[in-house]
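In: Got a sequence here, can you build the structure:
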Amino acid sequence: MPRNINADVLKCMSIIGVVYIHSYAILGEVDSLIFLSDIFRFAVPCFIILWAYFLEKSISKKPPEQITKYLTKRLLHLLRVFMIWSILYFFLFVEWGSLNIKTFFSKYFSGYGWAGQYFFIILFQLIPFYPFLRKIYNSKFLRVIIVLISILIYLVFEFYLNMVPEVFKKLGYRPFYFWIPYVFLGIALARKKIKSFSIIFIISPLLIGLELYVLRKNNIGHFDYITLGTLLFSILFCGIFLKLESFNLSEKLNTLIDFIAKNTLVIFVSNPLLIIVLKKLIEYSNITTGIMLLPAWLRICLSLLTVMIVFSGTLIITNFLHKTKLIKFLG
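Out: Prediction:
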C-alpha cells in the first residue's frame with residue numbers, strides 16, 4: 001500500500017509520547033512534566049487506531065478464506081516478541097522470594113511485568129475478536145449501541161470509580177472492550193468513511209492534559225486512559241491528523257520518520273531496558289539528592305534530556321538489531 005506520511009508522523013509522535021511517559025520521572029517529578037505526560041496520553045489510543053487502520057486496509061484486500069490465516073500470523077508474531085522481551089524483563093525484575101506459579105503469570109506475564117506490556121495483552125484480545133468487531137461495525141445499529149455502551153463504561157470509570165467492583169479495577173485498562181471505539185475509528189478511516197473534523201481539535205492533546213489535571217487536583221479517582229476526555233480528544237486528534245494534507249518534509253527528516261515509524265514496536269519494547277540502565281547509572285553516581293535540590297527549571301531540562309537519551313538509545317538498539325538481523329525475532 002502507498003506510504004501514508006501523516007500516519008508515519010503520528011506514529012513518531014505517539015512513540016515519543018510513550019517513551020516520555022515511561023522515562024520523564026527518572027530524576028523526580030515536576031508538575032509541568034506530569035502535565036506534559038498527560039498531554040501525551042493520546043499516544044496509546046492513536047496506536048490502537050493506527051493498528052486497526054492498517055489492519056483493515058490489509059484485510060480488505062484479502063479473500064475471506066485468508067483472513068484467519070493472516071490474523072493468526074500477526075498474532076504469533078506479536079506473541080513471539082512478547083515472550084522474548086517478557087522473559088528478559090522477568091529476569092531483570094523477578095523477586096525470587098515471592099515467586100510462585102500464580103505470581104509468575106499474574107505479575108510478570110499478564111501486563112504488569114514491565115512498562116507497556118499491557119499493550120500486548122490488549123492486542124492479544126483484539127486480534128482474535130477483530131473479525132467479530134468488523135461485523136459489528138458493519139451494522140449501524142450495533143455500532144451505535146456498542147459506542148454508547150463504551151461511553152457509559154468510560155463515564156462510570158471516570159466519575160464513579162468507587163462503585164466499580166475491585167476485580168475490574170485490578171484489570172485496569174487491559175480489557176479489550178475499553179478500546180473498541182478506537183478500533184471502529186480505525187476501520188472507518190481505512191474505509192474512508194470519515195470526512196473531516198474541525199482543525200481546531202488539533203489542540204486535543206492539550207485538552208486531555210487539562211481534563212486529567214482537573215481530575216487529579218480534585219482528587220477524583222480515575223484511570224488516565226479511561227476518561228471521556230481521553231476517549232473523545234484522542235479520536236478527534238488522530239482523525240484530524242490523518243485527514244490533514246500530506247506533510248512536505250526534507251529528505252533527511254523524511255528518512256528519520258520513516259525509520260522510527262517502521263520500528264515503533266522495537267522502540268516500544270526496548271525503552272524500559274534503557275530506563276533500567278539509566279536508573280542504575282544514576283543510583284551508582286549518587287546524584288539524585290543533588291538533583292532534587294536544583295531549581296525546578298533545571299530539573300525540567302535534565303528530565304527532558306534523560307527522555308532524549310532513552311529515545312536515542314532505543315534507536316541505537318533498533319539499528320543494531322537490523323544490522324545483526326535479530327530484528328526478525330525481537331521486533
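In: How many residues are close by the closest residue to residue 264 other than its chain neighbours?
Out: Leaving out its chain neighbours, the residue that sits closest to residue 264 by CB to CB, 6 or more residues apart in numbering is residue 15, at 4.6 Å. Every C-beta, even on glycine, is put in place using the N, C-alpha and C of the backbone. By other CB atoms under 10 Å, the residues close to residue 15 number 23.
In: Check the one 5 residues further on too.
Out: Here the count is done by other CB under 10 Å, and residue 20 has 23 residues near it.
In: Now do the same contact list for it.
Out: Residue 20 makes contacts with 36-37, 40, 307, as judged by CB atoms under 8 Å, 6 or more residues apart in numbering.
In: just residue 43 next, same as before
Out: So residue 43 contacts 13-15, 17-18, 21 (CB under 8 Å, 6+ apart).
In: Specify which member of those residues is nearest to residue 116.
Out: For those, the residue nearest residue 116 by CB to CB is residue 18; the value is 6.7 Å.
In: Can you name the next helix or strand after the helix or strand encompassing the closest one?
Out: Here residue 18, judged by DSSP states H and E, is contained in helix 5-23. Counting by DSSP H and E, the next helix or strand C-terminal to helix 5-23 is helix 31-39.
In: Other residues contacting that following helix?
Out: 20-21, 24-25, 205-206, 208-209, 212-213, 224, 296, 300, 303.
In: got the angle between that helix and helix 5-23?
Out: 140 degrees (axes from the mean of the first three to the mean of the last three CA atoms, to 10 degrees).
In: that older thread, and the contacts of residue 43, which are buried?
Out: 13-15, 17-18, 21 (16 or more other CB atoms under 10 Å).
In: Export these to CSV and append columns for distance to residue 53 and pLDDT.
Out: Output for those, formatted as CSV (distance: CB to CB, whole Å; pLDDT from 0 to 100):
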residue, distance to residue 53, pLDDT
13, 15, 96
14, 13, 97
15, 16, 97
17, 18, 96
18, 18, 97
21, 22, 95
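In: now for the one helix or strand in the chain whose mean pLDDT sits lowest, which elements pack on it?
Out: Using mean pLDDT, DSSP states H and E, helix 288-292 stands out as the lowest-scoring helix or strand of the chain, at a mean of 72. Helices and strands touching helix 288-292, by 3 or more CB pairs under 8 Å, 6 or more residues apart in numbering; DSSP states H and E, are helix 296-323.
In: Quick one: mean pLDDT over the helix it packs on.
Out: The pLDDT scores in helix 296-323 average 92.
In: what separates it from the chain centre, distance-wise?
Out: 18 Å (CA atoms, centre = their mean, to the nearest Å).
In: Contacts for the helix or strand encompassing residue 235 next, please.
Out: Element membership for residue 235 (DSSP H and E) is helix 228-243. With contact meaning CB under 8 Å, 6+ apart, helix 228-243 is reached by 4, 6-7, 9-10, 41-42, 45-46, 49-50, 53, 150-151, 154-155, 158, 181-182, 185, 189, 194-199, 201-202, 204-205, 207-208, 210-212, 224.
In: Check the average confidence over the helix or strand in which residue 209 is found, would you?
Out: Assessed by DSSP H and E, residue 209 sits inside helix 204-217. Across helix 204-217, pLDDT averages out at 96.
In: which parts of it are buried?
Out: For helix 204-217, by 16+ other CB under 10 Å, it's 204-205, 207-212, 215.
In: Check stretch 177-194 too.
Out: In stretch 177-194, counting by 16+ other CB under 10 Å, buried: 178-190.
In: from the residues you listed, which ones fall inside helices?
Out: When DSSP state H defines the helices, the subset of the buried residues of stretch 177-194 inside them is 180-190.
In: Measure how far the longest helix seen in the chain is from the centre of its chain, please.
Out: The longest helix of the chain (DSSP H) is helix 64-93. Distance of helix 64-93 from its chain centroid, counting by CA atoms, centre = their mean, is 17 Å.
In: And for stretch 228-245?
Out: Counting by CA atoms, centre = their mean, stretch 228-245 is centred 15 Å from the centre of its parent chain.
In: so what's the backbone phi/psi at residue 222?
Out: Main-chain torsions, residue 222, degrees, to the nearest 10: phi -160, psi 170.
In: do the same with the one 4 residues further on
Out: Dihedral angles phi and psi of residue 226 (degrees, to the nearest 10) take the values phi -110, psi 60.
In: Work out for me the element the residue nearest the centre of the chain sits within.
Out: Centroid-nearest residue in the chain: residue 44, 2.7 Å away (criterion: CA atoms, centre = their mean). Assigned by DSSP H and E, residue 44 belongs to helix 43-59.
In: Thank you, goodbye.
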